[in-house]
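Q: how does the following fold in three dimensions:
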Amino acid sequence: MRKERYAVWGEHEPDINNLFIAPHLFPKPDGMHWRTFEERCWRMMERESRYFAALRYRLDLGRL
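A: Next up, the predicted model:
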């Protein structure tokens, strides 16, 4: 997930490693079309939400 973020914003964007910040909250990079930016953000948000859902499930199982 972080590799995808680096591909879009690079390493120099503040808080790029913070996966609790949704990708659509970061600014659109210069030179990227809005449609491309929105598609990439959408894919990242879907992937991250699936990851956190699986993580939440694993953490809930640990409480049993």
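
Q: residue 16 touches residue 4, doesn't it?
A: No - judged on C-beta atoms under 8 Å, residue 16 makes no contact with residue 4 at a distance of 10.4 Å. Using the backbone N, CA and C atoms, a C-beta is placed for each residue, glycine as well.

Q: flag every buried residue along the strand or helix carrying residue 52.
A: Per DSSP states H and E, residue 52 falls inside helix 34-62. Within helix 34-62, the residues that count as buried by 16 or more other C-beta atoms under 10 Å are 37, 40, 41, 44, 48.

Q: any idea which of those residues is closest to residue 8?
A: Nearest to residue 8, judged by C-beta to C-beta, of the buried residues of helix 34-62 is residue 40 at 5.7 Å.

Q: if I read this right, the closest one contacts residue 8, doesn't it?
A: Yes - counting by C-beta under 8 Å, residue 40 does reach residue 8; the two are 5.7 Å apart.

Q: quick one: low-confidence parts of this structure?
A: 62-64 (pLDDT under 70).

Q: recalculate using a threshold of 80.
A: The model of the chain has pLDDT under 80 over residues 61-64.

Q: what's the overlap in contacts for residue 40 and residue 8?
A: Common contact partners of residue 40 and residue 8 (C-beta atoms under 8 Å, 6 or more residues apart in numbering): residue 23.

Q: the nearest residue to residue 43 once chain neighbours are set aside - how many residues pack around it?
A: Among residues not flanking residue 43 along the chain, residue 4 sits closest, at 7.7 Å (C-beta to C-beta, 6 or more residues apart in numbering). Residues near residue 4, counting by other C-beta atoms under 10 Å, number 15.

Q: list the contacts of residue 4.
A: The contact partners of residue 4, by C-beta under 8 Å, 6+ apart, come to 40, 43, 44, 47.
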